[in-house]
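Asker: could you work out the structure for the sequence below:
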Amino acid sequence: ENLVAETQVTKVIVYIEESNSMADVTFPSLPHVVSLLHYDDVARTPDNLRPPAGYPVICVTACNMKYPDYDKTGSICVSEHINNTLTRYRWLVSAPAGPDGVTSPMREVDFDTFFTSSKMITLDSVYFQAGSRVQCAARAVNSNG
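Answerer: Predicted structure coming up:
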């Protein structure tokens with residue numbers, strides 16, 4: 001009646017919408033890990049091929065022109081404005097399976113040496129040994145950052 005509102009609720013929920021967030025852009029397919037020796041022919045490299053000892057491995061994302069299905073994923077990368085040169089990488093490695101077949105959990109490689117980094121597109125062979133499981137995690141970055 002007196003144009004005064006009584007409020008009983010004392011909390012408010014505010015939603016802040018992020019625009020141009022890195023979470024808004026993802027790769028259209030999972031990355032492949034191959035030996036740097038086979039990088040020029042990723043499409044012909046079987047998924048189960050073990051990298052030769054002593055060679056670094058490389059993380060080939062769906063927006064890399066050497067990706068096996070780039071003819072399908074490339075247009076998606078372009079439409080999402082994904083800049084593959086800005087991709088952020090993480091590597092996970094586990095020790096080889098024991099004689100009983102039991103594997104160790106994957107652990108993030110998070111230390112650098114004077115000649116290499118664990119946050120690059122390639123992972124130097126000093127970080128793993130023959131029989132190790134190696135996995136890369138790549139975060140897409142678009143032209144907006």
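Asker: could I get the full set of helices for this structure?
Answerer: Assigned by DSSP state H, the helices in the chain fall at 70-79.
Asker: point out where it drops to low pLDDT.
Answerer: 1-12, 15-24, 47-49, 145 (pLDDT under 70).
Asker: spatially central residue for it, please.
Answerer: Ala138 (1.4 Å; C-alpha atoms, centre = their mean).
Asker: shouldn't that residue be in contact with Thr87?
Answerer: Yes. Between Ala138 and Thr87 there is a contact at 5.2 Å, judged by C-beta atoms under 8 Å. In this view, the C-beta of every residue, glycine as well, is placed from N, C-alpha and C.
Asker: list residues touching both of these two?
Answerer: Thr61 (C-beta atoms under 8 Å, 6 or more residues apart in numbering).
Asker: the chain: strands as residue ranges?
Answerer: Secondary structure of the chain (DSSP state E): strands at 32-35, 57-60, 88-94, 107-108, 122-123, 133-139.
Asker: give me the sheet partners of the first one and which way each runs.
Answerer: Partners of strand 32-35 in the sheet, by DSSP bridges, are strand 57-60 (antiparallel).
Asker: swap in the fifth one?
Answerer: With DSSP bridges as the test, strand 122-123 is paired with strand 57-60 (antiparallel).
Asker: measure Pro52 to Thr87 for me?
Answerer: Separation of Pro52 from Thr87 (C-beta to C-beta, to the nearest Å): 25 Å.
Asker: show me the contacts for the residue nearest to the centre of the chain.
Answerer: Phe27, Pro31, Cys59, Thr61, Thr87, Arg88, Tyr89, Arg90.
Asker: perfect, I'm done here.
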